[in-house]
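Enquirer: Got a predicted model here, sequence first, then my questions.
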Amino acid sequence: MSLAEQKETKMWGGRFTQDTAPLVEEYTVSVTYDRELYAEDIAGSKAHARMLAAQGILTPEEAQTLIGGLEAIGKEIENGAFVWRQDLEDVHMNIEHRLTELVGPVGQKLHTGRSRNDQVALDFRLFVHKRLLVWKTELKQLIRSFLDQAQKNRDVILPGYTHMQPAQPVALAHHLLAYCQMFSRDIDRVCDCARRVSVSPLGAAALAGTTYPLQPKSVADELGFQSTFANSMDAVSDRDFVLESLFVGSQIMAHLSRLCEEIIIWSNPSFGFIKLPDAFATGSSIMPQKKNPDVAELMRGKTGRVYGNLMALLTIMKGLPLAYNRDMQEDKEPFFDTDKTVSLSVTIMGQMVHALTFRPDAMHAALRKGYLNATELADYLVGKGIPFRQAHHITGNAVGYAEKCGKCLEDCSLEELRFFSELIDNDVFAVLAYETAVGRREVPGGTGPASVNAQIVHLQTWLKELD
Ligand code: ARG
């Protein structure tokens, strides 16, 4: 490209006397990925043009011409006719350049009172906001899958674990509803974060605001922003909204990853608590018997890259003075990657949870392996007037004995149990039943059936009231 041509195409080329070095062009280009923001860029420019006309800075005809050109560009991009040019650096200059090609010199008036610094912040805020709302819908669907399974498996009981050791029996529904709580907090975080994303920076211009009598509020209203910037320097240099979204995504992945870990353990034949749907598992190329939980493993692995994206941007931002710095162009790819990963992961997990088959028999067999009703015996003795510490000790002895005999507490005879305390009676066997252990835990938020029911109703109402 000749220097004369470069001066034409590079919108900032006026003071330059040398071509951009080819490697520099390749190094600084962002249109290869920020073209993803084209719809937001066009929407932002249309709102800006309309506002310029309303403020008497452009004539209504000029604004109409610009808006018509921008709409035509939108169509070109959608039907694949638009030619993206790397020498035009980014999505903003590609679109503006094409606009001038299409509508003539009036195209050059679009950027009045605006800078790419507030333009890129606006585009990206619109984009992130749009994607957060998609995450919210996908999370709702995931919670619905859990609620369906919880309702279908109300009577199933399985071992609850602490330290990954058998602890106390719990309802499967209760276990599943714990995940609903995690994902409902994620929805809360998404909504809270979306409110801070929804601040329009347009009017901040390069950093100091502008001398044109702009009306930032009308642009913000047209684009559906909840508020406008309070400080022009902050408006163009703030990327908290991206960081927060990357954290929200990381937290979602942390929850998914814990769930993946359980799916992997539960599908291991030693547990056998679930049957993985074939559509969500893969085989081994050498071992014919294998059915691997690859989806859950990959999701657990992808959590790492999502954390990495958050770390990347935190690090990018930590040393930046006010206001805009080109470093900030590095905010897009981490978000695009996190967005794609979170969105797909949540959706796939929703489908996988929906398709899981639970194995109550295997769960019941596991209940008989870990003395999960020992606490019940201790509480029973407390009921007979023995101080808890002493009851704990007596029960420990009984467990030791049963273990030596290779049987469960409930398999011991009354005589055997009475050896440890004379206060034990025939009524102890009802207490030792796993169903009783679960059924008696009706504290709000506990694993008892009425409490589980209340949790389900509460979540259903919460989901319905969520906009
Ligand atoms: N491509 C740039 C980015 O993503 C747009 C803003 C550039 N502004 C500037 N003055 N160079 O951050």
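Expert: Thanks, I have it. Numbering: from 1, shown residues only.

Enquirer: mind checking how far the residue of the stretch 351-467 of the chain found nearest the ligand is from residue 210?
Expert: Residue of the stretch 351-467 of the chain nearest the ligand, by Cβ to the nearest ligand atom: residue 467 (31.6 Å). (C-beta placed from N, C-alpha, C; glycine too.) Distance of residue 467 to residue 210, computed by Cβ to Cβ, to the nearest Å: 35 Å.

Enquirer: repeat for residue 249
Expert: Distance, residue 249 to residue 210, using Cβ to Cβ: 34 Å.

Enquirer: Between these two, which has more neighbouring residues?
Expert: Per other Cβ atoms under 10 Å, whichever of residue 249 and residue 210 has more neighbours is residue 249, with 32 against 17.

Enquirer: surely the more buried one meets residue 308?
Expert: No. With contacts counted by Cβ atoms under 8 Å, residue 249 stays clear of residue 308, the gap being 11.4 Å.

Enquirer: in the host helix or strand of residue 453, what's buried?
Expert: Counting by DSSP states H and E, the element that carries residue 453 is helix 449-465. By neighbour count on 16 or more other Cβ atoms under 10 Å, the buried set for helix 449-465 is 449, 451-452, 455-456, 459.

Enquirer: what would those residues look like in TSV with distance to the ligand and pLDDT?
Expert: Listed next are those as TSV, based on distance: Cβ to the nearest ligand atom, whole Å; pLDDT from 0 to 100:
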residue	distance to the ligand	pLDDT
449	55	97
451	51	97
452	49	98
455	45	98
456	46	98
459	40	98
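
Enquirer: ok, these vs residue 226, which is closest?
Expert: Residue 226 has its nearest neighbour among the buried residues of helix 449-465 in residue 459, at 27.1 Å by Cβ to Cβ.

Enquirer: Contacts only, for the closest residue to the ligand within the stretch 151-300 of the chain.
Expert: Nearest to the ligand, among the residues of the stretch 151-300 of the chain, is residue 206, at 7.2 Å (Cβ to the nearest ligand atom). Contacts here follow Cβ atoms under 8 Å, 6 or more residues apart in numbering; on that basis residue 206 touches 115, 117-118, 236, 323-324.

Enquirer: Residues contacting the helix holding residue 453, please?
Expert: Against helix 449-465 from outside (Cβ under 8 Å, 6+ apart): 140, 143-144, 147, 150-151, 154, 171, 173-174, 177, 180, 184, 438-439, 441-445.

Enquirer: Mind checking which of those residues are buried?
Expert: 140, 143-144, 147, 150, 171, 173-174, 177, 180, 184, 438-439, 441.

Enquirer: So which of those residues belong to helices?
Expert: Counted as lying in helices by DSSP state H, out of the buried ones among the contacts of helix 449-465, are 140, 143-144, 147, 150, 173-174, 177, 180, 184, 438-439.

Enquirer: I'd like those as TSV, with distance to the ligand and pLDDT appended.
Expert: Formatted as TSV, these follow (distance: Cβ to the nearest ligand atom, whole Å; pLDDT from 0 to 100):
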residue	distance to the ligand	pLDDT
140	32	98
143	35	98
144	37	98
147	41	98
150	45	98
173	47	98
174	47	98
177	43	98
180	38	98
184	34	98
438	55	97
439	59	96
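
Enquirer: Can you tell me which of the residues you listed is closest to residue 329?
Expert: Out of those, the member with the shortest distance to residue 329 (by Cβ to Cβ) is residue 140, at 33.3 Å.

Enquirer: The closest one reaches residue 466, doesn't it?
Expert: Yes. Counting by Cβ under 8 Å, residue 140 touches residue 466, with 6.8 Å between them.

Enquirer: Fine by me, thanks again.
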